[in-house]
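Undergrad: pasting the sequence and the predicted coordinates here, then a few questions.
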Amino acid sequence: MKRVTLVFPGQGSQYIGMGHDLYKKYDVARKTFEEANDVLGFDLKKMCFEGDMNELTETKNTQPALLTTSVAAFRVYMKEYGMPPEFMMGHSIGEFSALTCSEVIKFADALKIVRQRGIFMQEAVVPGVGEMTAISGININLIKEECEKICNDIEKVGIACYNSPNQIVISGNTLAVKKVGEKFIRMGANVTPLKVSAPFHSMLMQTASDKFEEELMKYTYSESLWPVVSNLTAEPYMNKAQVIKNLTLQMIHPVRWYESMNYIQDKGAEIVLELGPKTVLKNLVKNNFKGIKAYSFDENEDRKALGNEIGTIEKISKELKMKILSKCMASAVCICNRNWNNEEYCRGVVEPYNKIKKLYEELEASGKEPTIDNIKEALHMLKSVFTTKKAPLEEKKERINRLVKETGDKHLFEYWMDIEHDEKSAIDMVV
């Protein structure tokens, strides 16, 4: 299967009409926007589809709007294509979309969180006092040096986003940002003020960051179904304990996007798919990572091309099911043995393993798709191996959770619960 990374855009990508095409075509997208309306208590759908651009660009509105549009796109993608990602990552507010789609944050909670994040950000700086500007065509070190020269007790400016070697975003007090921009215009750089309502990822967001940390503490988080690369560290979250710290510090630190892209490239990324409005992240990939194919789910032609690239849901489903059988066999081999009764070992490990191995070889030779019963047979085999090798409960939990993460098939939890005789044991498996 192709190695896919899903990416989610940040503020500046919003436009009136975003998500409307998916809303018209797919029931899962309609349900996503309706859920957002119910949770937020106002008509976000109308704001996105036919609202006023100035109102949509207010960060308290932009953030839940982008989250909802991105989650709707992700749900359509999984329904229509079903290819589980190797990694997820989002640009600024897009990181919340990634964490939501990887099931670290519940969608309803994420809506409340980003709405409040936007309010805190708007309250932190009086309108007109701060801004953000993209600069390209100038050495990064020169931009850093100029920001440091201009900074003083009153005026603050610094790098907010490392988008690529050729594109940096600066953020801070309006006057300071303009001074930096004007200098580099004279040097021939491309300088573009961004359509945002506050100076994000700067020290001007410190009061917002402090309040946001308290807000994040009100919610519970889960371990990620797929690895999510953090803007703060440019590496995947190690566990859910990092969520509050990383998202709090993200508000006052730069987005390390280019480093994050380098990380997934080093891990063998083949395809990057942008889920959300416009093509900003797709274009950054195309301009800076020639070995990675990039698509935007916001474009009809890209959705068609993606289907040709990774295949239909039916083709992907077959590959995933074969992967599940393979991973079950690999897991059975890796389980540490604590039972030295040869007769029990042969009956409970060797025979069921060989049965699944033969099944796998027959399916591979015939080209047939494994059935749900075949999947359950493989899980039965795994349970027999767990029992015979006397694997402790914690190892069982870890193995099943890893199997789900590696295959991206959450139904495995349900199948496992059907197989387990001890219902409590089965429920405990679920992360």
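TA: Cool, the structure landed. Only a predicted model underlies this, so the values are computations on that prediction, with no experimental measurement involved. Residues are numbered from 1 along each chain as shown.
Undergrad: residue ranges with poor pLDDT in this structure?
TA: With pLDDT under 70 as the threshold, the chain has low-confidence stretches at 1, 312-316, 408-411, 413-414, 417-431.
Undergrad: domain-wise, how is it divided?
TA: Domain ranges of the chain: 4-123+205-310, 130-196, 313-429, per automatic domain parsing.
Undergrad: roughly how far does residue 326 sit from residue 360?
TA: Note on residue 326: its distance to residue 360, by Cβ to Cβ, to the nearest Å, is 7 Å. Where you see a C-beta, it was placed from the backbone N, CA and C, and this is true even at glycine.
Undergrad: do residue 46 as well
TA: Residue 46 sits 51 Å away from residue 360, going by Cβ to Cβ.
Undergrad: same check, this time on residue 66
TA: Per Cβ to Cβ, residue 66 is found 43 Å from residue 360.
Undergrad: out of the two, which sits in the busier spot?
TA: The neighbour comparison of residue 66 against residue 360 (other Cβ atoms under 10 Å) goes to residue 66, with 31 against 18.
Undergrad: buried deepest among the domains of the chain, which one?
TA: Stretch with highest mean neighbour count among these: domain 4-123+205-310 (a mean of 20; mean count of other Cβ atoms under 10 Å).
Undergrad: gap between the two ends of that domain?
TA: Taking Cα to Cα, to the nearest Å, domain 4-123+205-310 runs 9 Å from one end to the other.
Undergrad: which residue ranges of the protein form strands?
TA: Here the chain has its strands, by DSSP state E, at 4-8, 87-90, 130-136, 157-164, 167-173, 190-193, 228-229, 271-274, 293-296.
Undergrad: could you dump these into TSV with distance to residue 26 added?
TA: Formatted as TSV, those follow (distance: least, Cβ to Cβ, whole Å):
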stretch	distance to residue 26
strand 4-8	17
strand 87-90	20
strand 130-136	33
strand 157-164	31
strand 167-173	33
strand 190-193	34
strand 228-229	24
strand 271-274	16
strand 293-296	17
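Undergrad: residue 122 contacts residue 58, correct?
TA: Yes. With contact defined as Cβ atoms under 8 Å, residue 122 counts as touching residue 58 (6.9 Å).
Undergrad: what's the overlap in contacts for the two?
TA: Jointly contacting residue 122 and residue 58 under the rule Cβ atoms under 8 Å, 6 or more residues apart in numbering are residue 197.
Undergrad: okay but residue 170 is in contact with residue 156, surely?
TA: No. Using Cβ under 8 Å, residue 170 is not in contact with residue 156, being 10.6 Å away.
Undergrad: how close does residue 350 sit to residue 50?
TA: From residue 350 to residue 50 the distance is 65 Å (Cβ to Cβ).
Undergrad: next: residue 121.
TA: Note on residue 121: its distance to residue 50, by Cβ to Cβ, is 25 Å.
Undergrad: do residue 149 as well
TA: Taking Cβ to Cβ, one finds residue 149 at 46 Å from residue 50.
Undergrad: quick one, helices of the stretch 251-400 of the chain?
TA: Assigned by DSSP state H, counting those that start in this stretch, the helices in the stretch 251-400 of the chain fall at 257-266, 280-288, 300-310, 313-334, 342-345, 351-366, 372-388, 393-407.
Undergrad: in contact with the residue nearest to residue 232 when sequence neighbours are not counted, which residues?
TA: Closest residue to residue 232 apart from its sequence neighbours, by Cβ to Cβ, 6 or more residues apart in numbering: residue 246 at 4.8 Å. By Cβ under 8 Å, 6+ apart, residue 246 lies in contact with 230-233, 237.
Undergrad: tell me the one of those nearest residue 191?
TA: residue 231 (23.4 Å; Cβ to Cβ).
Undergrad: show me the contacts for the closest one.
TA: 89-92, 95, 246, 250, 253, 255-257, 260.
Undergrad: let's go with 10 Å and repeat that
TA: 10, 89-92, 94-95, 98, 161-162, 201, 246-247, 249-250, 253-257, 259-260 (Cβ atoms under 10 Å, 6 or more residues apart in numbering).
Undergrad: could you do residue 278 as well?
TA: Counting by Cβ under 10 Å, 6+ apart, residue 278 touches 9, 12-15, 18, 296, 298-299.
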